[in-house]
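> sharing a model prediction with you, sequence too.
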Protein chains: 2
Amino acid sequence: MSRIYFDNNATTPVRSEVREAILPYLGDVFGNPSSAHRVGEEAKNGLDLAREQVAGLFKTRAARIVFTSGGSEANNIAIWSAVSADPAKKHIISSQVEHASVLEPLRFLAGYGYEIELLPVDSAGGLDLDRLSAALRPDTALVSLMGANNETGVLWPLAEISGICQGKNVLLHCDGVQMVGKESLDLEALGVDYFSVAGHKLHGPKGVGALYARRNVPVKPLIMGAGQEQGRRAGTENMPSIAGFGKACELAKQGLTEYSKIGALRDFLQQEIVKQIPDVIINGGTLPRLANTLNVSFKYCSSAGMIQELDARGVAVSGHSACHSGDLDPSHVLAAMRVPEDYLHGSLRISLSSCNTRQEADRFLALLPGIVARARQTFAA
Amino acid sequence: MSRIYFDNNATTPVRSEVREAILPYLGDVFGNPSSAHRVGEEAKNGLDLAREQVAGLFKTRAARIVFTSGGSEANNIAIWSAVSADPAKKHIISSQVEHASVLEPLRFLAGYGYEIELLPVDSAGGLDLDRLSAALRPDTALVSLMGANNETGVLWPLAEISGICQGKNVLLHCDGVQMVGKESLDLEALGVDYFSVAGHKLHGPKGVGALYARRNVPVKPLIMGAGQEQGRRAGTENMPSIAGFGKACELAKQGLTEYSKIGALRDFLQQEIVKQIPDVIINGGTLPRLANTLNVSFKYCSSAGMIQELDARGVAVSGHSACHSGDLDPSHVLAAMRVPEDYLHGSLRISLSSCNTRQEADRFLALLPGIVARARQTFAA
């Protein structure tokens, strides 16, 4: 029986069209895009095309796109660029539920005289915009807030957040890694200053991503060296992956209208879980969410055991962010949402993609109630 | 007629075995190595294998290898780690002929109270080791010197340099990007503290590299976030490229004994150029050099014109580092070697790989004298 992959927020299968777009760059088109000869020029053409494809997904211009090694680097560059823009500003606002690649650079800056204010969320995973507005100060260097939470899928109102920040002339970075390819985006209209994306969350390859930076917004290279990416990111361009990432963005743009169909499958799973299993909480379920994400806490369960048993039965799900799968600690996101202690340790993130089917959902639902029941017995023992 | 690619120091064609090693990670083995299920585990196995393969090329242990997005990032991490190790030490020694990804971070640090001492080279491209020794101070945070120059191929005596630094207890970083796969290396025996490598210089993919860090030598993440690479480099691992890089290292290890054969082809080219064309200087030709590299300055010539005409005839060579191919300025490496002004602007870097043949050398030699003659006419006009 084939495996069921329900962990698409951790990473996604690479589309065959993406693989096809990568292959020439592992073959004849092997040049260094910076080289002043035809071999280099052919690679440079691929780089230009990919930049157009990425920009196309965000309805922006290619010049706004800086290719990076992934979402983490993009998040780091945004923070680094914003604090470099005006070193006199020492206050940064973010939230308690951000990804580690935002929280860790901020923790680092806290050691260098920066005041880091992490906004809390309510039990639904929502943000208090009045509180954000009140937190903005003349010395606020940056607001960094994610577009969609990687664990719960909860979407924050980016247009409103952007309006608030623009009103006070504060730079806004949005970690968009998890929402890209799932939500339609017009970055120019939104008015965010920085926006991060990773290729492998939208059926592109790992190890590549991009930072969008609005016109005239400073970008300071984190990796310093030669003048690639218009001096905004040094290092020979990762041509195979960039080409695949560009293709993945092109496909995602075409597929956006269909993406909501995944929502029907997610809603079906959610309804059946709530119907078949007692004492569950749907985390973030009352707010606008990514159509593919379902985060459930089961009372008196241990996620680790459930994940292991599901894996043994051929189903891949996760407890929280893949980046922390080795941790035994509960999710910092669910902790910030004050999920009750009885539920907190028994949380599963089920994240779908267009590759998943109703049949897979049925197979999963045939397994889950028994697994939860056994987990509860173990927990009680 | 097929193209001749003589720009292997800029980048190299990807070996077919490398491509084969990459493909599974663009297919079934798409997992996130950090995920706690089989899909993740399979990817993790590939990560472990690649780390062994890279370590194998350097005769070191896998735990010493940190995967990066390439050589530039590895160089940046080494510098960043060394200055973080003891913030009281504010003196750094490097050389005038380093790669931009060493020089630029140092230039940045110069703006933050660091004293950067760039050692000169002699006209052969050699380093004065007594001068290095005399430059070391109690507050020297780091010595950063390349193993082989990317433009001339000149090799520096790493074992002696390492001995000098160890004698004064100063951290040593070596940018080994250009020497890896061409020179046999035993990093543990050499005793360097940091060593940088890039996949695409040894027939691996672009966008991946590694930093070797000796046991107990601090590594501070430049890209901060989740705990990948044992907390030394955040971001979802670039599995396709890492797998290809590992394979490229395995193949390079097997091929090292044969690599010197390339030297015969390079020596043939050099002899014929000197024989057939008057007024040339072989840059770095009197010192130990990489077997694949030939850097020639032609009196009263412009490199840009020669590169363009060679390209039109199907031959790819470069003027200097690919990272600066857009520059009109002459090479900072050759300028540091005080190549006479009459020669400086007419320099070509011819860099071979095991893919090149005697037939290609013959075709190139049939073209070059005429091209140089025309370049000289244009120059005189």
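Nice, I can see it. Numbering: from 1, shown residues only, chains lettered A, B, ... in the order given.

> all contacts plus neighbour counts: C-alpha atoms, from now on.
OK.

> the longest helix along chain A near chain B at all?
If you go by DSSP state H, chain A has its longest helix at helix A:239-276. Yes: with CA under 8 Å from any CA of the partner chain as the measure, helix A:239-276 is seen reaching chain B through A:239-241.

> nearest to chain B: which residue in the stretch 201-350 of chain A?
Per CA to the nearest CA, A:Gly225 is where the stretch 201-350 of chain A lies closest to chain B, at 3.5 Å.

> how about that residue, what does it touch?
Listed by CA atoms under 8 Å, 6 or more residues apart in numbering or on different chains, the contact set of A:Gly225 reads A:233-235, B:72, B:99-105.

> just say helix, strand or coil for it.
The three-state label for A:Gly225, taken from DSSP: H, G, I helix; E, B strand; the rest coil, comes out as coil.

> next: A:Asn169.
Of the three states, A:Asn169 takes coil according to three-state DSSP.

> sketch out the low-pLDDT regions of chain A for me.
A:1, A:321-328 (pLDDT under 70).

> now do the domain split for it, please.
Domain assignment of chain A by automatic domain parsing yields the ranges A:4-12+A:257-380, A:16-255.

> most packed of those?
domain A:16-255 (a mean of 22; mean count of other CA atoms under 10 Å in any protein chain shown).

> in a strand, A:Phe30, correct?
No: using three-state DSSP, the assignment for A:Phe30 is coil, not a strand.

> please name the nearest non-neighbouring residue to it.
Once flanking residues are discounted, A:Phe30 sits nearest to B:Pro13: 5.5 Å by CA to CA, 6 or more residues apart in numbering or on different chains.

> ditto for A:Gln270
Nearest-residue entry for A:Gln270: A:Leu294, 7.1 Å, with adjacent residues in sequence omitted and distances by CA to CA, 6+ apart.

> SS state for that neighbour?
Here A:Leu294 is recorded as strand under three-state DSSP.

> and stretch A:365-379, how far out from the chain middle?
Mean-position distance between stretch A:365-379 and its chain equals 30 Å (CA atoms, centre = their mean, to the nearest Å).

> nearest to B:Val280 among the domains of chain A would be which one?
domain A:16-255 (22.6 Å; CA to CA).

> end-to-end on that closest one?
15 Å (CA to CA, to the nearest Å).

> for A:Glu160, give me its contacts.
Listed by CA under 8 Å, 6+ apart, A:Glu160 has no contact partners.

> distance of it from A:Pro13?
Between A:Glu160 and A:Pro13 the computed distance is 33 Å (CA to CA).

> just A:Gly199 next, same as before
11 Å.

> please apply the same query to A:Ser354.
From A:Ser354 across to A:Pro13, the span is 10 Å (CA to CA).

> related to what we said a few turns ago, next secondary structure element downstream of the longest helix of chain A?
strand A:280-282 (DSSP states H and E).

> and that following strand, which strands flank it?
Its sheet considered, strand A:280-282 pairs with strand A:293-298 (antiparallel) by DSSP bridges.

> next SSE downstream of the partner strand?
Strand A:293-298 is succeeded, C-terminally, by helix A:303-312 (DSSP H and E).

> ok, and what's touching the helix or strand just after that next one?
Per DSSP H and E, the first helix or strand lying C-terminal to helix A:303-312 is strand A:315-316. Strand A:315-316 has contacts (CA under 8 Å, 6+ apart) with A:3-7, A:307, A:310, A:364, B:37-39.

> just put those in CSV and tack on secondary structure and distance to B:Leu172.
Formatted as CSV, those follow (DSSP: H, G, I helix; E, B strand; the rest coil; distance: CA to CA, whole Å):
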residue, secondary structure, distance to B:Leu172
A:Arg3, coil, 48
A:Ile4, strand, 49
A:Tyr5, strand, 46
A:Phe6, coil, 46
A:Asp7, strand, 43
A:Ile307, helix, 45
A:Leu310, helix, 49
A:Phe364, helix, 54
B:His37, coil, 40
B:Arg38, helix, 40
B:Val39, helix, 39
